[in-house]
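Participant: For reference, the sequence and a predicted model appear below.
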Protein chains: 2
Amino acid sequence: MADNRSSNLAEKVLARLSAEIRGGRLAPGDRLPTEQELTSTMGVSRTVVREAVAALRADGLVVTRRGSGAYVADNPTASPFRIAASPLGRLGDVLNVMELRLAVEVEAAGFAAERRTRRQVGVVKAALRSIDRALKSGEGAVAEDFAFHRAIAEATGNAQFPRFLAFLGSHVIPRQSVRLSVDTPAERRTYLERIQQEHARIVAGIANGDPVEARRAMRDHLTRSLERYRRLAEGSK
Amino acid sequence: MADNRSSNLAEKVLARLSAEIRGGRLAPGDRLPTEQELTSTMGVSRTVVREAVAALRADGLVVTRRGSGAYVADNPTASPFRIAASPLGRLGDVLNVMELRLAVEVEAAGFAAERRTRRQVGVVKAALRSIDRALKSGEGAVAEDFAFHRAIAEATGNAQFPRFLAFLGSHVIPRQSVRLSVDTPAERRTYLERIQQEHARIVAGIANGDPVEARRAMRDHLTRSLERYRRLAEGSK
DNA sequence: TCTTCCAAAGTTGTCTGACAACCTGCCGGC
DNA sequence: GCCGGCAGGTTGTCAGACAACTTTGGAAGA
């Protein structure tokens, strides 16, 4: 079940306070609600509130003064986006990150179809051929696959897409190799050929300037990938 | 050294553990001492230990597993995702971030339509009514609007969505107030009513369990928002 | 009236004890 | 040998208490 997001109460409080600070409702120098107010309004114990505040302090978003209160730091600057990913984390965490990746890539395919230049389409197609070459020589083509997706993200003309994709990749990609190793060679070949068909459909949508089709193809592709991973998660449990 | 007048016991424990991890004495995957061991060896209460571990978790250095223990993360030096924080950044940068937000929110609406619980739908609807109330009393409803979008992200059941949205919000939200101030009251009223219609369509899609419609409604909503912002960018150039 | 001081209330920091939720490994029955 | 359940260990959460410190208001004195 992917619904187990209630694993940590402190994280909820943390997310809420963090959002209020980053959203600007709590300005630098403002005082946070007291621990007692937070316990009553959020319905949690003081222990939970204190852990959330400790995390905020570790992130540099707030400073606390004993006897006075907790205050928003002067510079709640671009405190970064992190993903608590680890080999010991739950498989559900990986699935959650993969869903985020799906969201970004689907829309990236759409933007790419709307704005692609001739040169960018060439890069995407070259990446597709590069995967083909790797497969024919019996390689895993993990790096080539990643390059293909990055080429699409770059074809959006929005640098944030490839940047974010690269960030997510560092948390998701290492797992993919696991799956390949458990299949038989025959299964693996069928699987990889199907992947290439899905890739080709994405490329066609982008090259034809059809954002709806490009998005649909990318969504299908990544949804299947998610499903495969989800089944693996169930199987290895 | 570091043991100078740090008025905070938790910070001492944090510094010690952090040094052991970064120094390599605790390798990735290793299990930390249990909370009870730490309380006795460091001579502090469990409260202090837990706050220190919460800070380590916020830093991404450790992950905890209930019933098992706390473990050093696989990649303690994983570089987080940052968005080039140019305080007076160009409007184009904001547009790029808004497109990333669009991607995440469109898919979030889809997942929310697929997985929403009755309670979550209630929260989303309540957020919509909250915007209504704010508008009728002549407020800007910026905070309520953000809460509405966050409620949808939470209805996905995937905690990464609200987390990422909160992160992006810090880079986009502050600008929105600019636009409202340049419209005449009449224009503003028309605009806000239209926004609410778009919101209602999104809610309907989610409540009906129709992910395609939910995504389309959210995409229309955010695309229009992007277009408005883009026109503003051109006009003020 | 103005200043100074102090007491009380409020707030964070820390300790203690308890129970719930969950994981792990052992042990006995089969 | 295999399997299931049970007991112990571990983190997550709650509740109450006291210590350390800040803030604020008013009383006392000039």
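Facilitator: Sure, I can see it.
Participant: Relative to residue A:205, how far out is residue A:221?
Facilitator: Residue A:221 is 11 Å from residue A:205, where distance means Cβ to Cβ, to the nearest Å. Just so you know, the C-beta spots here come from the backbone N, C-alpha and C atoms, and that holds for glycine as well.
Participant: And the contacts of stretch A:197-216?
Facilitator: Contact partners of stretch A:197-216, identified using Cβ atoms under 8 Å, 6 or more residues apart in numbering or on different chains, comprise A:106-107, A:109-114, A:116, A:121, A:124-125, A:128, A:131, A:148, A:152, A:155, A:217-218, A:220-221, A:224.
Participant: what mean pLDDT would you report for it?
Facilitator: For stretch A:197-216, mean pLDDT rounds to 96.
Participant: repeat for stretch A:53-67
Facilitator: pLDDT averaged over stretch A:53-67 gives 87.
Participant: Can you get me the start-to-end distance on it?
Facilitator: This stretch, stretch A:53-67, spans 15 Å end to end (Cα to Cα, to the nearest Å).
Participant: Just the buried positions in that stretch, please.
Facilitator: Under the neighbour-count criterion of 16 or more other Cβ atoms under 10 Å in any protein chain shown, stretch A:53-67 has A:53-59, A:61-62, A:64 buried.
Participant: now stretch A:190-209
Facilitator: Going by 16+ other Cβ under 10 Å, stretch A:190-209 has these buried residues: A:192, A:195-196, A:198-199, A:201-203, A:205-207.
Participant: export that stretch as PDB, just CAs?
Facilitator: Output of stretch A:190-209 as PDB, limited to C-alpha atoms (Å, rounded to 0.1, in the frame of the first residue of the first chain):
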ATOM      1  CA  THR A 190      11.600  -9.200 -24.700                       C
ATOM      2  CA  TYR A 191      11.400  -6.500 -22.100                       C
ATOM      3  CA  LEU A 192      14.100  -4.400 -23.600                       C
ATOM      4  CA  GLU A 193      12.500  -4.500 -27.100                       C
ATOM      5  CA  ARG A 194       9.200  -3.400 -25.700                       C
ATOM      6  CA  ILE A 195      11.000  -0.500 -23.900                       C
ATOM      7  CA  GLN A 196      12.400   0.600 -27.200                       C
ATOM      8  CA  GLN A 197       8.900   0.500 -28.800                       C
ATOM      9  CA  GLU A 198       7.700   2.800 -26.100                       C
ATOM     10  CA  HIS A 199      10.700   5.000 -26.600                       C
ATOM     11  CA  ALA A 200      10.000   5.300 -30.300                       C
ATOM     12  CA  ARG A 201       6.400   6.300 -29.700                       C
ATOM     13  CA  ILE A 202       7.600   9.100 -27.400                       C
ATOM     14  CA  VAL A 203      10.000  10.300 -30.000                       C
ATOM     15  CA  ALA A 204       7.300  10.300 -32.700                       C
ATOM     16  CA  GLY A 205       5.100  12.400 -30.600                       C
ATOM     17  CA  ILE A 206       7.800  15.000 -30.000                       C
ATOM     18  CA  ALA A 207       9.000  15.000 -33.600                       C
ATOM     19  CA  ASN A 208       5.400  15.500 -34.900                       C
ATOM     20  CA  GLY A 209       4.900  18.400 -32.500                       C
END
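Participant: In what element of secondary structure is the residue lying farthest from the centre of chain A found?
Facilitator: Centroid-distance maximum for chain A: residue A:67 at 40.4 Å, with Cα atoms, centre = their mean. Under DSSP states H and E, no helix or strand contains residue A:67.
Participant: do residue A:18 as well
Facilitator: Assigning secondary structure by DSSP H and E places residue A:18 in helix A:9-22.
Participant: What of residue A:26?
Facilitator: Judged by DSSP H and E, residue A:26 forms part of no helix or strand.
Participant: so what's it up against?
Facilitator: Residues in contact with residue A:26, defined by Cβ under 8 Å, 6+ apart, are A:17, A:20, A:32, A:72.
Participant: Apply 10 Å and report the result again.
Facilitator: By Cβ atoms under 10 Å, 6 or more residues apart in numbering or on different chains, the contact list for residue A:26 reads A:17-20, A:32-33, A:61-62, A:71-72, A:76.
Participant: Also residue A:195?
Facilitator: Residue A:195 makes contact with A:131, A:135, A:141, A:145, A:221, A:224-225, according to Cβ under 10 Å, 6+ apart.
Participant: just to revisit the earlier point, got the buried residues of stretch A:190-209 as CSV, with secondary structure columns?
Facilitator: Listed next are the buried residues of stretch A:190-209 as CSV, based on DSSP: H, G, I helix; E, B strand; the rest coil:
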residue, secondary structure
A:192, helix
A:195, helix
A:196, helix
A:198, helix
A:199, helix
A:201, helix
A:202, helix
A:203, helix
A:205, helix
A:206, helix
A:207, helix
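Participant: Show the low-confidence segments of chain A, by residue range.
Facilitator: Scanning chain A with the threshold set as pLDDT under 70 gives A:1-7, A:74-80, A:82-92, A:138-139, A:170-185, A:232-237.
Participant: tell me the strands in it, going along the chain?
Facilitator: Ranges of strands in chain A, per DSSP state E, are A:62-65, A:69-72.
Participant: For residue A:62, give its distance to DNA strand C.
Facilitator: Note on residue A:62: its distance to DNA strand C, by Cβ to the nearest atom of the strand, to the nearest Å, is 10 Å.
Participant: same check, this time on residue A:158
Facilitator: The gap separating residue A:158 from DNA strand C is 40 Å, by Cβ to the nearest atom of the strand.
Participant: right, and that residue touches residue B:95 too?
Facilitator: Yes - with contact defined as Cβ atoms under 10 Å, residue A:158 counts as touching residue B:95 (8.2 Å).
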